[in-house]
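Undergrad: I would like to see how this sequence folds:
(chains A and B)
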2 protein chains.
Amino acid sequence: MKKDNIISGDRFYVTYSLSGSEVEANAKAKDICIEQTVEFPPPLIPVGMIQGHVLGRIESFEPWDEGYKVKISFAIETTANELTQLLNVVFGNISIKPGIKVDDIELPPSLLNQYNGPRFGREGLRRILGDVERPLLFTALKPMGLSAQQLAELAYKFALGGIDIIKDDHGLTDQCFAPFNERVRLCTAAVAKANRETGNCSIYVPNVTAGGSKLIKRAKQAKEAGAGGILVAPGLVGLDTMRELADDDSIGLPIFSHPAFIGSYIISPENGFSHQVLFGKIMRLAGADAVIYPNFGGRFSFSQQECEAIVQGTHVSMGTIKSIFPAPGGGMSIERVPEMHRVYGNDVMFLIGGGLFQRGPDIVENCRYFREMLNLRCTNA
Amino acid sequence: MKKDNIISGDRFYVTYSLSGSEVEANAKAKDICIEQTVEFPPPLIPVGMIQGHVLGRIESFEPWDEGYKVKISFAIETTANELTQLLNVVFGNISIKPGIKVDDIELPPSLLNQYNGPRFGREGLRRILGDVERPLLFTALKPMGLSAQQLAELAYKFALGGIDIIKDDHGLTDQCFAPFNERVRLCTAAVAKANRETGNCSIYVPNVTAGGSKLIKRAKQAKEAGAGGILVAPGLVGLDTMRELADDDSIGLPIFSHPAFIGSYIISPENGFSHQVLFGKIMRLAGADAVIYPNFGGRFSFSQQECEAIVQGTHVSMGTIKSIFPAPGGGMSIERVPEMHRVYGNDVMFLIGGGLFQRGPDIVENCRYFREMLNLRCTNA
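TA: Numbering: from 1, shown residues only, chains lettered A, B, ... in the order given. Sure, this is the predicted structure:
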């Protein structure tokens, strides 16, 4: 195929799982090539560059346990170097068509080079958190309705007990109960006080999830107050908005992505994205340094296999894009730490929220127990 | 229940469809009350304001054709006057749990008053488009790969043929084929030229979908170039980002929302949102003046009943929030205009894209035929 001057010839690859008979799946595959690019009646698609390069191209089509898998390639120029438009080519209009799921994406260096990815990644986060080699301990300030002062007292206890990362619960934004500014100021100070007493490097991570300009403003306020990272729910603010936060040198804080409102892209076996792609590859492109997701065996429905696929997505080779931390959570108990350590190894953040309150009334003691369980595991490993 | 000073006592209501047996559905209902607010072990939820107000409350629970419906109320203070956080309370974490679908939302005046909604709505858009009473004609510039000059020539022909609204195809952003600035300048000029010749009030609507600050920049460029509206895909940029565009007085253009990448919230019968809520009520809260969605009988899978529910959502009473235009499209042919007019009446925008190219090589003639079909229908009605 002769290249047009304007086109590099570089393509990226998306593997889709398609449901239905061979005839139906084949029709879907052909439809994806059109729908995601030219969206034009096939007989009228202009020959030359548009038909030869802009139109999606079927690279392989084969049966699979539950239907068919098709690999389709797209010219990198269709994405205009924008994450929003990359996502649009991968799954824009076909998100509204039944029986199409994004199974994998493969991006060439010429496309990956357009993205900085996470600013810190696994190594950068370990550096901030004191260069320990064990799994990291992660918890959340809750419940909604407590005052900023009460949340700060809780943050102090968590840090005193040895929790590495203390985030806001994802539902805490700027409610009258605990306004953002006051909460960030008090919680940052509380964790710093505990660090002075313990010698640890715990960080407080406020939730900055909010609409466009408010989000940036809160992230800057978090930076000024001395927070150690920020929590963002890209399902609520947009994945590319998170990427912009990661790229913003005036913020420069580690980003923890929260899965709120993004579940509809993952929950159906026949629509959306595979776990590895959404919580791994896409979160890395979108600048997350750690990705929170529901652990298997908790109160959500992910399987162990799906969680292992996420871990794979957090560190599989993607050019210069850094590896990030998987942060499984959601209804976890301290007692499950040994099982989780066996599955995840050391490169993980264990997110235990409500579970830290349940062992007894002494929060500091509960945290120490959590940390000791882990130290014991790591010493014996 | 005694009110705490900080809480108004006003609540909003969400009706969820739940799958499963009565026992399972009941457990899901109780879980939603916790998961979407305090996310805390039930025995430890503090009594007083948190248990009495912050925690979600089951208002009704009843069987339904395919499971159970539960109506749950939440304190308006949980939303912090933010659309992101409203969406988070309605469907944040439970988006990751199977068998829960948002069927309806009912918002009290005290909550609705926090939102401006669409700037123009149906009446405002009709005023801009020449105060005609018939359905409005809507089309898209495509295929991707044409130059800005070629797209502008097409825009000129569409406007000459009497199309009211000529938008970019949603895949056109800032590709090298037709860079945003050049495209907007040329297409705006082309439509203005046609208007001078026809005396019509056609508008050009560029696609401004992009990451955070780029989106605002493009919307402002569109305004400066004299575009008549802007196209945004809230599934890609975030619903609250669209709201911020609508509220921005320095832009002040009608907003056309595109469904790209939002399909996963609607395609499953057991997860996400009902058509009426997502494409009607939520799009209005998020500031869209017209909502594009796949029409029944096109190349997507919406039923006529689902499309009628969307229409309902575009004009059902929501305090001072204006009614907006439904804009069904996607694989529509000119021949279906009479059928669509019977179903939709006059308060609709008919979006025909590829179909306008298929009748014959003369685009202007095809557009005139589309408009004549409609005029004929409206005269005979």
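
Undergrad: So chain A: which segments form each domain?
TA: Domain assignment for chain A by automatic domain parsing gives A:11-112, A:121-380.

Undergrad: so which of those domains gets nearest B:Q312?
TA: Shortest distance between B:Q312 and these, using Cβ to Cβ, is found for domain A:11-112: 19.4 Å. C-beta here means a position set from N, CA and C on the backbone, and glycine is covered the same way.

Undergrad: Could you export the domains of chain A as JSON lines, including distance to chain B and mean pLDDT?
TA: What follows is the domains of chain A, written out as JSON lines (distance: least, Cβ to the nearest Cβ, whole Å; pLDDT from 0 to 100):
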{"stretch": "domain A:11-112", "distance to chain B": "3", "mean pLDDT": "97"}
{"stretch": "domain A:121-380", "distance to chain B": "3", "mean pLDDT": "95"}
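
Undergrad: out of those domains, deepest packed?
TA: The highest mean neighbour count among the domains of chain A, using mean count of other Cβ atoms under 10 Å in any protein chain shown, belongs to domain A:121-380: a mean of 21.

Undergrad: could you pull out the helices for the stretch 51-200 of chain A?
TA: A:83-91, A:109-112, A:121-128, A:148-160, A:180-198 (DSSP state H, counting those that start in this stretch).

Undergrad: Check the offset of the shortest one from the chain's centre.
TA: Centroid separation for helix A:109-112 versus its chain: 20 Å, with Cα atoms, centre = their mean, to the nearest Å.

Undergrad: before we move on, what about the last one?
TA: In terms of Cα atoms, centre = their mean, the gap separating the centre of helix A:180-198 from the centre of its chain is 26 Å.

Undergrad: tell me the angle it makes with helix A:148-160.
TA: For helix A:180-198 against helix A:148-160, the angle by axes from the mean of the first three to the mean of the last three Cα atoms, to 10 degrees is 30 degrees.

Undergrad: List the neighbouring strands of the helix or strand just after helix A:180-198 plus their orientation.
TA: Following helix A:180-198 in sequence order, the next helix or strand is strand A:203-205 (DSSP states H and E). Partners of strand A:203-205 in the sheet, by DSSP bridges, are strand A:165-168 (parallel).

Undergrad: chain center to stretch A:292-311: distance?
TA: Distance, centroid of stretch A:292-311 to centroid of chain: 13 Å (Cα atoms, centre = their mean).

Undergrad: brain fart, stretch A:36-47
TA: Using Cα atoms, centre = their mean, the offset of stretch A:36-47 from its chain centre is 35 Å.

Undergrad: Now do the contacts for the closest residue to A:C201 other than its chain neighbours.
TA: For A:C201, ignoring the flanking residues on the chain, the nearest one in space by Cβ to Cβ, 6 or more residues apart in numbering or on different chains is A:G130 at 3.9 Å. When the contact criterion is Cβ atoms under 8 Å, 6 or more residues apart in numbering or on different chains, the partners of A:G130 are A:164, A:200-201.

Undergrad: try A:N346
TA: Counted by Cβ under 8 Å, 6+ apart, A:N346 has contacts A:133-135, A:378.

Undergrad: let's see 7 Å
TA: Applying Cβ atoms under 7 Å, 6 or more residues apart in numbering or on different chains, we find A:N346 in contact with A:133-135.

Undergrad: How is it assigned, secondary-structure-wise?
TA: coil (DSSP: H, G, I helix; E, B strand; the rest coil).

Undergrad: Tell me how far the residue nearest to it when sequence neighbours are not counted lies from B:M144.
TA: Distance criterion Cβ to Cβ, 6+ apart; nearest residue to A:N346, sequence neighbours excluded, is A:P135 at 5.5 Å. For A:P135, the distance to B:M144 equals 46 Å [Cβ to Cβ, to the nearest Å].

Undergrad: re earlier: now tabulate the contacts of A:N346 in CSV and tack on distance to B:I230.
TA: As requested, the contacts of A:N346 are arranged in CSV below (distance: Cβ to Cβ, whole Å):
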residue, distance to B:I230
A:E133, 51
A:R134, 50
A:P135, 47
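
Undergrad: tell me the contacts of A:S17?
TA: By Cβ under 7 Å, 6+ apart, the neighbours of A:S17 are A:64, A:67, A:69, A:101, A:103.

Undergrad: I'd say the residue nearest to A:N346 and A:M373 touch.
TA: No - counting by Cβ atoms under 7 Å, A:P135 does not reach A:M373; the two are 10.6 Å apart.

Undergrad: Identify the residue nearest A:S95 in space, chain neighbours excluded?
TA: Closest to A:S95 by Cβ to Cβ, 6+ apart is B:G263, at 3.2 Å.

Undergrad: What does the one you found show for phi and psi?
TA: With angles defined as degrees, to the nearest 10, B:G263 sits at phi -60, psi -30.

Undergrad: Against A:L136, how distant is it?
TA: 36 Å.

Undergrad: can you check A:A246 too?
TA: In terms of Cβ to Cβ, A:A246 sits 19 Å off from A:L136.

Undergrad: coming back round to it: show me what contacts the residue nearest to A:N346?
TA: Contacts of A:P135 (Cβ under 7 Å, 6+ apart): A:341, A:344, A:346, A:348-350, A:374.

Undergrad: Serialize the contacts of A:S17 to JSON lines and add fields for distance to B:T37.
TA: Converted to JSON lines, these look like this (distance: Cβ to Cβ, whole Å):
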{"residue": "A:W64", "distance to B:T37": "41"}
{"residue": "A:G67", "distance to B:T37": "39"}
{"residue": "A:K69", "distance to B:T37": "41"}
{"residue": "A:K101", "distance to B:T37": "32"}
{"residue": "A:D103", "distance to B:T37": "35"}
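
Undergrad: between those residues, which is closest to A:L172?
TA: Using Cβ to Cβ, the contacts of A:S17 come closest to A:L172 at A:K101, 33.1 Å.

Undergrad: my guess is the closest one meets A:E270, correct?
TA: Yes - here A:K101 reaches A:E270: they are 6.0 Å apart, a contact under Cβ under 7 Å.

Undergrad: Let's see the pLDDT reported for A:K3.
TA: Model confidence at A:K3, given as pLDDT, is 52.

Undergrad: Perfect, that will be all.
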